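In: fold the following.
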Amino acid sequence: MSKKKPLLFFTNLHPLPWQETRATYNLEETKHLSEHYDIKKLIPVPWFTWLKQVLVKGYRADKDTCLFPFFYVPKLMTSLHPLFLGISMVISVKPLLWMLSAKRVIASWAYAEGVCAAFFKGIVGNKLIIESLGSDINALMTKPLHKRQMKWAFKKASFVTGKSQALVTAIKSHISQVKTEVVYNGVDFDSFTLRTSPVFESATINLVFIGSVIKTKGIFELIDAIALLKAQNISINLALVGAGAQMNELKEKINQLGIADSVNIVGPIPHESLMSFIHKSDALILPSYREGVPNVVMESLSTGTPVIVTKVGGIPEVVKDNVNGIFIGALSAQSVSEAILQARNITWQRETIRASISHLTWTNTAQHIQSLLEKNNDSI
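Out: Numbers count the residues shown, from 1 in each chain. Sure, this is the predicted structure:
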């Protein structure tokens, strides 16, 4: 058996010993990439979190993962974060040594990891893929200093990947002279199995929302829609899975509307527990303002459960109206409620829904990334 080639995966978006549900998609990606590479993970952690969790509480990672303190001032001088990240690597020593010795690097987050990794690529000449995930492009590219740095980094990278065609198109709109590639995330079809029960069979509509409790996920419009439907004497229940900065505000709104009996606030749960909530629901609902291709959408579809979603970002690349999901119109409580009722009136085919994304496997994702890393690179 030939020896696996080394690969450094550089990201702040990864499950942590004290936060196991964080960015599980990167855990899946590296797990499947490990079939092709000997992977080391370089994970910057905000210094104040690192002090609390690593130094005080004693959390540790495995020998192939380096958790190191990222020294910066929160919400200040964000345009200097790549510089601060590089300085943090030098101070911590081990991250610097890993980066300087790396022949292949994946920086999974354009800013600041991608910019920082591009600087070191200029020193050591490694193969670099910068993975853009969504808000690193859609939000940070609107800031002149951030944009200038990302454009420079993208030119340095071997490839810049996006999780959807919509995201790659957005990258190209900012900088055309860059090698881009669409690399979709995958789904673990062995873990997210086909549901056995049909949807929308009972008198009560059962929905599940899985995501961050923040305004841009459309969660407040969703709660208003639940209230509208209840006012029409429609029996409906919502399981709300996740946490976020606006949870207290959301709870107050639920109580004000008098719909606490219809909203089950579950909170964050382990990734492996998501399927049971999806299987118990008639549909996943995600009325986001903006998205890439959400993993929870693909995971829902893989179980044969339809989705009720907004037509934003890369979602239309995997969701087909009236085939595996329903698109919400111009986002409002009224349009959300109408989409829910529309979904209830369709006869959904579980096998058809699952088959619609059968090509989006983590094995295919890993093989696609490997093909990019090994282009003109066989001797490394």
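In: stretch 15-32: which residues count as buried?
Out: 15-16, 21, 23-30, 32 (16 or more other CB atoms under 10 Å). Placement of C-beta: from N, CA and C, glycine included.
In: to clarify, my last question referred to stretch 85-96.
Out: 85-86, 88-89, 92, 95-96.
In: cool, stretch 93-106 as well?
Out: So for stretch 93-106, counting by 16+ other CB under 10 Å, buried means 95-96, 98-99, 102, 104-106.
In: so of the residues you listed, which ones are in strands?
Out: Residues of the buried residues of stretch 93-106 located in strands (DSSP state E): 104-106.
In: need those in TSV (columns: distance to A245).
Out: Formatted as TSV, those follow (distance: CB to CB, whole Å):
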residue	distance to A245
R104	36
V105	32
I106	29
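In: now these in CSV, with pLDDT and distance to L194?
Out: Formatted as CSV, those follow (pLDDT from 0 to 100; distance: CB to CB, whole Å):
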residue, pLDDT, distance to L194
R104, 97, 36
V105, 98, 38
I106, 98, 32
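In: where do the strands sit along this protein?
Out: 5-10, 37-46, 65-70, 104-108, 127-132, 159-162, 180-182, 205-210, 236-241, 263-265, 283-286, 307-310, 325-328.
In: okay, the ones you listed in JSON lines with distance to G292 next?
Out: Shown next, in JSON lines, are these (distance: least, CB to CB, whole Å):
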{"stretch": "strand 5-10", "distance to G292": "19"}
{"stretch": "strand 37-46", "distance to G292": "21"}
{"stretch": "strand 65-70", "distance to G292": "24"}
{"stretch": "strand 104-108", "distance to G292": "13"}
{"stretch": "strand 127-132", "distance to G292": "9"}
{"stretch": "strand 159-162", "distance to G292": "8"}
{"stretch": "strand 180-182", "distance to G292": "11"}
{"stretch": "strand 205-210", "distance to G292": "15"}
{"stretch": "strand 236-241", "distance to G292": "19"}
{"stretch": "strand 263-265", "distance to G292": "26"}
{"stretch": "strand 283-286", "distance to G292": "12"}
{"stretch": "strand 307-310", "distance to G292": "12"}
{"stretch": "strand 325-328", "distance to G292": "16"}
